[in-house]
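Colleague: curious how this folds, go ahead:
(chains A, B, C and D)
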There are 2 protein chains.
Amino acid sequence: MRPMALDTPVGGGLRERKKQATRQALIQAAVRLARERGPDRTRVEDIAAAAGVSPRTFNNYFSSKEEAIASAAVDRAERTAEALVRRPADEPLADALRHALADEHPDPSVRDPEARAQLRLIMWPQLRAEYHKAELTMERRLAAAIAERTGTGTGRDLYPRTLAAAVVAALRVATTHWASSGKDVRLGDIIAEAVGIVVSPVQAGRGGK
Amino acid sequence: MRPMALDTPVGGGLRERKKQATRQALIQAAVRLARERGPDRTRVEDIAAAAGVSPRTFNNYFSSKEEAIASAAVDRAERTAEALVRRPADEPLADALRHALADEHPDPSVRDPEARAQLRLIMWPQLRAEYHKAELTMERRLAAAIAERTGTGTGRDLYPRTLAAAVVAALRVATTHWASSGKDVRLGDIIAEAVGIVVSPVQAGRGGK
DNA sequence: CGAAAAATTGCGTGCCACGCAATGTCTGTG
DNA sequence: CACAGACATTGCGTGGCACGCAATTTTTCG
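Modeller: Residues are numbered from 1 along each chain as shown, chains lettered A, B, ... in the order given. Here you go, the predicted structure:
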């Protein structure tokens, strides 16, 4: 049998650990170079070199430099959806959505100045498509969670998918607004406000269509 | 002086007319080939050939085949936003939005079977980014119109941009839902329902934040 | 008509995604 | 511990695309 009981979880094998290491190295290199020079002026060759790996290997992990740069957003999207699932089941949907989104997007102004610059990357047009992909996955996750709460189906009813899409859109507008405005506002507050616009208590309380 | 008084408007010059002609030829060729073979399997070279023009000329009009294919969506986005502006000023915002969007998206099932297939192109992942660009322009137009109605500012207040983004997101979900479901439902109805989910009369009636 | 303006085109360059096969590295088993 | 199979890395080659540049053709308008 196996000498240790941990296989898939943390990535017990040395193999898997190295894999994640190079993956993270590629992401960090991609984000750093994108912040410094801009997404254009950043070639795949440069990212690979900065991560100490061959250009061909880069494409084994990501199919484009944009995908590497925005991959952090994909992870955040997953975590945000999970945060909604973890909210208490008896909490009103509107509140659950507000908290789930705002809690996963703390204001990085103070603690981490680089994180702020990283969030600002969302404004580069060339990265928009990739961030949009991340938003689509968040939509699917949120729709599933909303359907779960309201007793509707993602395929049958329009409600879960529409509300999820609206909430994600609100999140995007809030983040963009925050990134382009002054630093004296808290990101979480803006997100909560934007989400509140699209999901009002009166409608969130309803069941099926 | 000029022998004729028409210069910019309808495209008086023969030059401008030919330009729009080749542009339309490229769009039609791109859409047709994309419908037949799929967006992949459709090279820029093929589109240019089908439009009777050189590949280099294609790139003078569009910077990618996806842009050519989705350009119809951009036009529709413009028209939709204008439709909102034309709604009576005293009409409640929720109703104005529902009507503007639904009226500009009549059900093409009966009159034009090809239009239906064209709308289905929205589901191809490779075209998503380009359709998203169209959605972003619609967002900006709608936000401006909403700000106009509610007396808020697109830059200052979060409300217009957020509501516009939510409405556009609802439109996307509705269109996707309709495209992937049976033909016995009217597109306009689904859009109206989806829009109704994100914009309730109770909130749409409010003024500033 | 004739010159300026503008569109089309061919050519060259750089970047990129990806299939394929060779090579190197890790893993579990006998 | 050795080994065979699984898996990651890499180099190479191919096809496609976006775009700058300059030559050529077409349109415009005095």
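Colleague: which residues touch the strand or helix carrying residue A:98?
Modeller: Following DSSP states H and E, one finds residue A:98 within helix A:93-103. Residues from elsewhere that reach helix A:93-103 (C-beta atoms under 8 Å, 6 or more residues apart in numbering or on different chains): A:80, A:83-84, A:86-88, A:91, A:142, A:146, A:149-150, A:167, A:171, A:188-189, A:191-192, A:195-196, A:199-201, A:204-205. For glycine as for every other residue, the C-beta is placed from the backbone atoms N, C-alpha and C.
Colleague: cool, stretch A:146-160 as well?
Modeller: Against stretch A:146-160 from outside (C-beta under 8 Å, 6+ apart): A:84-85, A:89, A:93, A:96, A:140, A:143-144, A:161, A:163-164, A:206-209, B:173-174, B:177, B:190, B:193-194, B:197.
Colleague: if we go by neighbour counts, what in it is buried?
Modeller: A:146, A:147, A:149, A:150, A:152, A:154, A:157, A:158, A:159, A:160 (16 or more other C-beta atoms under 10 Å in any protein chain shown).
Colleague: list the buried ones in the longest helix anywhere in chain A?
Modeller: For chain A, the longest helix by residue count, based on DSSP state H, is helix A:125-150. Using 16+ other C-beta under 10 Å as the test for burial, helix A:125-150 gives A:127-136, A:138-147, A:149-150.
Colleague: kindly report the same for stretch A:168-181.
Modeller: By 16+ other C-beta under 10 Å, the buried positions in stretch A:168-181 come out as A:168, A:169, A:170, A:171, A:172, A:173, A:174, A:175, A:176, A:177, A:178.
Colleague: mind checking which helix or strand the nearest residue to residue A:135 once chain neighbours are set aside is in?
Modeller: Using C-beta to C-beta, 6 or more residues apart in numbering or on different chains and skipping the chain neighbours, the partner closest in space to residue A:135 is residue A:168 (5.0 Å). Using DSSP H and E, residue A:168 sits within helix A:159-180.
Colleague: coming back round to it: among the contacts of stretch A:146-160, which ones are buried?
Modeller: A:84, A:93, A:96, A:140, A:143-144, A:161, A:163-164, B:173-174, B:177, B:190, B:193-194, B:197.
Colleague: spell out which parts of chain A neighbour DNA strand D.
Modeller: A:15, A:18, A:19, A:22, A:53, A:54, A:55, A:56, A:57, A:60, A:61 (C-beta under 7 Å from any atom of the strand).
Colleague: tell me how many other residues crowd the third one.
Modeller: It stands for residue A:19. A count of nearby residues for residue A:19, using other C-beta atoms under 10 Å in any protein chain shown, gives 14.
Colleague: related to what we said a few turns ago, most widely separated two among the buried ones among the contacts of stretch A:146-160?
Modeller: The largest separation in the buried ones among the contacts of stretch A:146-160, counting by C-beta to C-beta, is between A:96 and B:190 at 26.6 Å.
Colleague: hmm, back to that, which one of the buried residues of stretch A:168-181 is nearest DNA strand C?
Modeller: Ranked by distance to DNA strand C (C-beta to the nearest atom of the strand), the buried residues of stretch A:168-181 are led by residue A:172 at 23.1 Å.
Colleague: who are the contact partners of that closest one?
Modeller: Residue A:172 is in contact with A:122, A:131, A:135, B:165, counting by C-beta under 8 Å, 6+ apart.
Colleague: now pLDDT too, for those residues, in JSON lines please.
Modeller: Formatted as JSON lines, these follow (pLDDT from 0 to 100):
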{"residue": "A:122", "pLDDT": "93"}
{"residue": "A:131", "pLDDT": "97"}
{"residue": "A:135", "pLDDT": "97"}
{"residue": "B:165", "pLDDT": "98"}
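Colleague: in contact with residue A:87, which residues are there?
Modeller: A:96, A:99, A:100.
Colleague: the first one and residue A:167: what is the separation?
Modeller: Going back to what we said before, that points to residue A:96. From residue A:96 across to residue A:167, the span is 11 Å (C-beta to C-beta, to the nearest Å).
Colleague: next to chain B, which bits of chain A? Give me the list.
Modeller: A:128-129, A:132-133, A:136, A:158-159, A:161-163, A:165-166, A:168-170, A:172-174, A:177, A:190, A:193-194, A:197-198, A:200, A:202-203, A:209 (C-beta under 8 Å from any C-beta of the partner chain).
Colleague: chain neighbours aside, what residue packs nearest to residue A:180?
Modeller: Using C-beta to C-beta, 6+ apart and skipping the chain neighbours, the partner closest in space to residue A:180 is residue A:123 (6.7 Å).
Colleague: distance of that neighbour from DNA strand C?
Modeller: Using C-beta to the nearest atom of the strand, to the nearest Å, one gets 20 Å for the distance from residue A:123 to DNA strand C.
Colleague: read off the pLDDT value for that residue.
Modeller: Here, the pLDDT recorded for residue A:123 equals 93.
Colleague: what does residue A:11 give?
Modeller: On pLDDT, residue A:11 comes in at 56.
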